[in-house]
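**Q** Here is a sequence together with a model predicted from it:
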Number of protein chains: 2
Amino acid sequence: MPDDGVSTRERILRACWALLEQGQGAKTRMSDIAKASGVSRQAVYLHFSTRAELLIAVTRFVDAESDIDARLAASRAATSGLERLDAFLDAWGNYIPVVHPVCRALLDMAPDDDAAKLAWDDRMAALREGCVAAVLALKADGNLRDDHDEAAAADLLWTLLSVSNWESLVEDCHWSQARYIEEMKRLARQALMPTG
Amino acid sequence: MPDDGVSTRERILRACWALLEQGQGAKTRMSDIAKASGVSRQAVYLHFSTRAELLIAVTRFVDAESDIDARLAASRAATSGLERLDAFLDAWGNYIPVVHPVCRALLDMAPDDDAAKLAWDDRMAALREGCVAAVLALKADGNLRDDHDEAAAADLLWTLLSVSNWESLVEDCHWSQARYIEEMKRLARQALMPTG
DNA sequence: TGTAAACTTTACGCAGTGTCAAGTGGCATC
DNA sequence: GATGCCACTTGACACTGCGTAAAGTTTACA
């Protein structure tokens, strides 16, 4: 533990996070990260054996720092299905902008790197669990369309909530975050519930 | 012009296409393509100065070979807005599986390569034009929701029709192509038209 | 004084892209 | 039949970025 009480490992994680946040996701090199952390390139490898491992660690770090669990608590506490759906959309939809830079970096290296792909798939599997839970809550209220089963409904919701769709609307189409959330809520209701 | 009457350039394009179709998009190297074309690696560079340029040429080649224009003709010929929307969804939705391997390869290199990114954005801009046309046709019929303007409606449709969403439903969730098209049509109507 | 942990420095191996220069074989033209 | 061009081959090389290896430095602690 050097100067301040913060560990080198954490300095690297924060520096990497900061770099990813200022764009250039896929172009962020190990040497850039080392420089930004004020540490040698080799020191980075002392803590994270590959670039993929570092990026995965950063996503976990961001999850912890931004307390994703607290965000999701409201959706689990909801009493009605619709309430749960809305709360889940609020939680996840508002979390996307926070993790997005890191997600993007991970996603960009996934086609090349099996570890990154695995980590991403894992994340998406967790998201899908939330979707299934929301769908089941709707169904319990008799508020699920009868023309698709729970799996299909979850597929649809999971697809709507993808990071790509957020990028498309917020980054490419310049929608505000609030508008994105609002429209997603409407879209999800229309897609899943019996009457508009 | 060697053995058969087909040019080396075309042999390379077809070989590249075939390789991309059998998976491993981002992992397809210039040397693999050369080998599959029965030509030296240098010969590939004689025809395409970079990997990005080659991939872009392949997308154009696939467009020409699969006659994307003919596919879109029906949507332009439609008389009503709804007809146009459906025809557009059929044309594009059924074209995705054809170009997908090539699109994926281009998309995978976009974060790293400006030329690839530009080519991709161009393609997406063309798709958006189709979306705008469909939205305007709906509006002409008085069949556009009044709670978003044409731009927002086009944004939404364009996002729904993304390659990522096709991948999500067809590849990840194992939906059939027919089911994908059907559900997209419903989703688009619900999102854009006044009454479900 | 010794030693162990954390980090630095320098160097290297490797894959893949893109470049360069010197061939080679066929085909056309004079 | 020599000349020359064209498309292509061969083999080498520079460059980037990842990951590894080995030896040295600093600090802290016993």
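**A** Nice, I can see it.
**Q** What parts of chain A come near chain B?
**A** Contact residues (Cβ under 8 Å from any Cβ of the partner chain) of chain A with chain B: A:25-27, A:104, A:108, A:111-112, A:155-156, A:158-159, A:162, A:164-165, A:168-169, A:172-173, A:175, A:183, A:187, A:190-191, A:195-196. (C-beta placed from N, C-alpha, C; glycine too.)
**Q** one more time with 7 Å
**A** Residues of chain A found near chain B (Cβ under 7 Å from any Cβ of the partner chain) are A:25-27, A:108, A:111-112, A:155, A:159, A:162, A:164-165, A:168-169, A:173, A:175, A:183, A:187, A:190-191, A:196.
**Q** Check which helices and strands the helix or strand of chain A with the lowest mean pLDDT is in contact with.
**A** Ranked by mean pLDDT, DSSP states H and E, the weakest helix or strand in chain A is helix A:68-77, scoring a mean of 90. When contacts are defined as 3 or more Cβ pairs under 7 Å, 6 or more residues apart in numbering or on different chains; DSSP states H and E, helix A:68-77 packs onto helix A:81-109.
**Q** And the average pLDDT for the helix it packs on is what?
**A** Here helix A:81-109 scores 96 as its mean pLDDT.
**Q** packing partners for it?
**A** Contacts defined by 3+ Cβ pairs under 7 Å, 6+ apart place helix A:81-109 against helix A:8-21, helix A:51-65, helix A:68-77, helix A:114-140, helix A:163-166, helix A:177-192.
**Q** close to DNA strand D, is that helix?
**A** No - shown here: helix A:81-109 not in contact with DNA strand D (Cβ under 7 Å from any atom of the strand), separated by at least 9.1 Å.
**Q** Compute the inter-axis angle for that helix and helix A:177-192.
**A** 110 degrees (axes from the mean of the first three to the mean of the last three Cα atoms, to 10 degrees).
**Q** does any bit of helix A:81-109 sit next to DNA strand C?
**A** No - judged by Cβ under 7 Å from any atom of the strand, helix A:81-109 makes no contact with DNA strand C; its nearest approach is 14.1 Å.
**Q** How about stretch A:37-47?
**A** Yes - using Cβ under 7 Å from any atom of the strand, stretch A:37-47 comes into contact with DNA strand C via A:G38, A:V39, A:S40, A:R41, A:Q42, A:A43, A:L46, A:H47.
**Q** Quick check: which of the helices and strands packed on helix A:81-109 is nearest to B:L19?
**A** Across the helices and strands packed on helix A:81-109, B:L19 has its closest neighbour in helix A:114-140 (19.7 Å, Cβ to Cβ).
**Q** For the residue lying closest to A:G23 once chain neighbours are set aside, grab the count of nearby residues.
**A** Excluding the flanking residues, the one nearest A:G23 by Cβ to Cβ, 6 or more residues apart in numbering or on different chains is A:P101, at 7.7 Å. By other Cβ atoms under 10 Å in any protein chain shown, the residues close to A:P101 number 21.
**Q** cool, and A:V99?
**A** Neighbourhood size, A:V99 [other Cβ under 10 Å]: 20.
**Q** Check the secondary structure at A:P111 for me.
**A** coil (DSSP: H, G, I helix; E, B strand; the rest coil).
**Q** Can you tell me the closest non-neighbouring residue to it?
**A** In this structure, A:P111 finds its nearest non-sequential neighbour in B:A26, 3.8 Å apart by Cβ to Cβ, 6+ apart.
**Q** Filter the residues of chain A next to chain B down to the buried ones and express that as a ChimeraX selection.
**A** With 16 or more other Cβ atoms under 10 Å in any protein chain shown as the criterion, this ChimeraX line picks the buried residues out of the residues of chain A next to chain B:
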select /A:25,26,108,111,155,159,162,164,165,168,169,173,175,183,187,190,191
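**Q** how about A:L55, what does it touch?
**A** Residues near A:L55 by Cβ atoms under 7 Å, 6 or more residues apart in numbering or on different chains: A:V102, A:A105, A:L106, A:M109, A:A116.
**Q** Most neighbours among the residues you listed, which one is it?
**A** A:A105 (27 neighbours).
**Q** can you pull the contacts of the closest residue to it other than its chain neighbours?
**A** For A:A105, ignoring the flanking residues on the chain, the nearest one in space by Cβ to Cβ, 6+ apart is A:G25 at 4.0 Å. Applying Cβ under 7 Å, 6+ apart, we find A:G25 in contact with A:P101, A:R104, A:A105, A:D108, B:P111.
**Q** mean confidence score for stretch A:46-57?
**A** In this model, stretch A:46-57 has an average pLDDT of 97.
**Q** about what we covered before: so which of the helices and strands packed on helix A:81-109 comes closest to B:A57?
**A** helix A:163-166 (25.8 Å).
**Q** CA atoms only for that closest one - export them in CSV, please.
**A** What follows is helix A:163-166, C-alpha atoms only, in CSV (Å, rounded to 0.1, in the frame of the first residue of the first chain):
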residue,chain,number,x,y,z
VAL,A,163,-27.6,-2.4,-24.1
SER,A,164,-27.7,-2.1,-27.9
ASN,A,165,-31.2,-0.7,-27.8
TRP,A,166,-30.2,1.8,-25.2
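**Q** Right, I'll call it a day here.
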